[in-house]
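> Quick one: sequence and predicted model below, then my questions.
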Amino acid sequence: MLLPRIERFLRQTNMPCTKFGRLAAHDPRFVLDLRNGRIPRERTATRVETFMKGYLAGAQEGRHAQ
């Protein structure tokens, strides 16, 4: 499931859910909607996964403040 991975990412990065939604899905309500049962399209889920992997890789290289 996508939501548990997002929740873990939010804890790891200390990122607000609305910022995550804006950056990953271009929708500040994305995580809030997922928490309320929204099921994302496959394309959106793939984009979000790609965002998280890229962000974490950038954090390991020191490009993102933790």
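Happy to help now that I have it. Numbers count the residues shown, from 1 in each chain.
> alpha carbons only for contacts and neighbour counts from here, please
Noted.
> Check the gap between N14 and T44 for me.
The gap separating N14 from T44 is 22 Å, by CA to CA, to the nearest Å.
> Pick out whichever of those two has more residues nearby.
Comparing N14 with T44 by other CA atoms under 10 Å, the one with more neighbours is T44, at 14 against 10.
> how about the more buried one, what does it touch?
A25 (CA atoms under 8 Å, 6 or more residues apart in numbering).
> Find me the pLDDT at it, would you?
Predicted confidence (pLDDT) for T44: 97.
> now it, what's its secondary structure?
Judged by DSSP: H, G, I helix; E, B strand; the rest coil, the three-state class of T44 is helix.
> which of the residues in stretch 21-29 are buried?
G21, A24, A25, P28, R29 (16 or more other CA atoms under 10 Å).
> quick one: the helix or strand harbouring A59 to chain centroid distance?
Assigned by DSSP states H and E, A59 belongs to helix 42-60. The chain centre lies 7 Å from the centre of helix 42-60; the measure is CA atoms, centre = their mean, to the nearest Å.
> Can I get it in CSV, CA atoms only?
Coordinates of each C-alpha in helix 42-60 appear next as CSV, following Å, rounded to 0.1, in the frame of the first residue of the first chain:
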residue,chain,number,x,y,z
GLU,A,42,-1.4,4.0,-11.0
ARG,A,43,0.4,6.9,-12.8
THR,A,44,0.1,9.1,-9.7
ALA,A,45,1.3,6.3,-7.4
THR,A,46,4.3,5.8,-9.6
ARG,A,47,5.1,9.5,-9.7
VAL,A,48,4.8,9.7,-5.9
GLU,A,49,7.1,6.6,-5.4
THR,A,50,9.6,8.2,-7.8
PHE,A,51,9.5,11.4,-5.9
MET,A,52,10.2,9.7,-2.6
LYS,A,53,13.1,7.7,-3.9
GLY,A,54,14.7,10.7,-5.5
TYR,A,55,14.2,12.9,-2.4
LEU,A,56,15.7,10.3,-0.1
ALA,A,57,18.6,9.7,-2.5
GLY,A,58,19.2,13.5,-2.6
ALA,A,59,19.1,13.6,1.2
GLN,A,60,21.8,10.9,1.4
